[in-house]
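>>> this is the structure alone, sequence omitted:
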């Protein structure tokens, strides 16, 4: 089993077409097909159903695909680590982060990193924590900022808490605050229309859990947005929203804090525990930790 055979196999699995896969890999289609056949002979199983005009994975192909992706990702990580020079003059860092952090602290951290190491390529993958854990475990990211604790067991990850962030209620700046004369409580959101994040969004799960603990289900004024959309819904007067304090500071909306002990979320930086992050990723992790500790 050779790396180029696995690469060709993944290309066909993604494209579901031998000719398009060959074009992507910049190899002649007959050569690619021969290598796939050689891989199938070595494994003793067909990897694709080859119907005219339709290519699909067999059960054996489905079983091989995640391993092939992992092997190729690990090989790419090893290649980059070897190529990195001592002063980080080149390289690449792949960082995953939730949209709320991409809208607040991540740009500032990346600016500091880029100013110090302009030759290092930065790649950001924006997604929810559970999806980031999956992508990180597959070897497709070097680091990820995730909300902890996770509701499911995280596979083979090392995590370190870097931020405990306050959540606040945002409302249009030209309207009265949600409550007057006393601190805000989660119970004050009962029967108040809310701009609610899309399903699978970390903050949606956290806010829903807080409302249920207070004895009610959140009332959607509008539902289904990412961070920028939810802030826009609030500006339009479609409902209140609960967002991280650092996002609220940049939003131009009125921010109302919850009464003590407040509502918070915990952010951790994670990497695979079985592979040491590349040097550039370790440096980004250090800058992340220092920057978030100062928030």
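Okay, I see it. Because the structure is predicted, anything quoted here is derived from the model rather than measured.

>>> contacting residues for residue 176?
Listed by CB atoms under 8 Å, 6 or more residues apart in numbering, the contact set of residue 176 is empty. Where you see a C-beta, it was placed from the backbone N, CA and C, and this is true even at glycine.

>>> checking my notes, it in a helix, right?
No - Residue 176 is assigned coil when assessed by DSSP: H, G, I helix; E, B strand; the rest coil, not a helix.

>>> confidence score at it?
Residue 176 is assigned 89 on the pLDDT scale.

>>> distance of it from residue 167?
21 Å (CB to CB, to the nearest Å).

>>> go on, residue 4?
49 Å.

>>> looking at these two, which one has more neighbours?
Between residue 4 and residue 167, counted using other CB atoms under 10 Å, residue 167 has the larger neighbour count: 22 against 13.

>>> where's the more buried one, which helix or strand?
strand 157-171 (DSSP states H and E).

>>> which other residues reach the longest helix seen in the chain?
For the chain, the helix that runs over the most residues, judged by DSSP state H, is helix 59-83. The contact list for helix 59-83 (CB under 8 Å, 6+ apart) reads 3, 6-7, 9-10, 13, 43, 45-48, 57, 90-92, 138-140, 142, 275, 278-279.

>>> buried residues, it. List them.
Neighbour-count burial for helix 59-83, counted by 16 or more other CB atoms under 10 Å, picks out 61, 64, 65, 68, 69, 71, 72, 73, 77, 80, 81.

>>> for the residues you listed, point out the one with the lowest pLDDT.
Where pLDDT dips furthest among the buried residues of helix 59-83: residue 81, at 68.

>>> and the residue nearest the centre of the chain, how close does it get to residue 226?
Centrality entry for the chain: nearest residue to the mean C-alpha point is residue 127, 3.3 Å, by CA atoms, centre = their mean. Residue 127 sits at a distance of 11 Å from residue 226 (criterion: CB to CB).

>>> now list whatever residues contact both of those two.
With CB under 8 Å, 6+ apart, residue 127 and residue 226 have common neighbours residue 99.

>>> ok, now which ones touch the residue nearest to residue 177 when sequence neighbours are not counted?
Spatial nearest neighbour of residue 177, excluding adjacent residues (CB to CB, 6 or more residues apart in numbering): residue 256 at 5.4 Å. Contact analysis of residue 256 by CB under 8 Å, 6+ apart lists 168, 169, 170, 171, 177, 178, 179, 184.

>>> go again using 7 Å as the cut-off
The neighbours of residue 256, taking CB atoms under 7 Å, 6 or more residues apart in numbering as the test, are 168, 169, 171, 177, 178, 184.

>>> so the second one sits right up against residue 239, yeah?
No - under the criterion of CB atoms under 7 Å, residue 169 is not in contact with residue 239, lying 10.6 Å apart.

>>> ok, these two, which is more surrounded?
residue 169 (26 against 21).

>>> so who does the more buried one touch?
Contact analysis of residue 169 by CB under 7 Å, 6+ apart lists 178, 184, 240, 242, 256.

>>> count of residues packed around the closest residue in space to residue 216 that isn't next to it in sequence?
Leaving aside its chain neighbours, residue 216 sits nearest to residue 190 (4.6 Å; criterion: CB to CB, 6+ apart). Residues within reach of residue 190, counting by other CB under 10 Å, total 14.

>>> how much space between residue 190 and residue 36?
From residue 190 over to residue 36 (counting by CB to CB), the distance is 59 Å.

>>> so this protein: which segments form each domain?
3-81, 89-163+266-293, 164-265 (automatic domain parsing).

>>> and the contacts of the host helix or strand of residue 22?
Per DSSP H and E: residue 22 is located in helix 18-25. Applying CB under 7 Å, 6+ apart, the contact partners of helix 18-25 are 7, 8, 11, 12, 15, 28, 29, 32, 33, 55.

>>> distance of residue 137 relative to residue 64?
From residue 137 over to residue 64 (counting by CB to CB), the distance is 18 Å.

>>> so where is the stretch 151-295 of the chain shaky, pLDDT-wise?
Low-confidence segments of the stretch 151-295 of the chain (pLDDT under 70): 151-155, 295.

>>> which residue sits closest to residue 289 in space, ignoring its chain neighbours?
residue 162 is the one closest to residue 289 (CB to CB, 6+ apart), at 5.3 Å.

>>> neighbours of that neighbour, how many?
20.

>>> give the contact list for residue 57.
Here residue 57 is in contact with 13, 47, 48, 65 (CB under 7 Å, 6+ apart).
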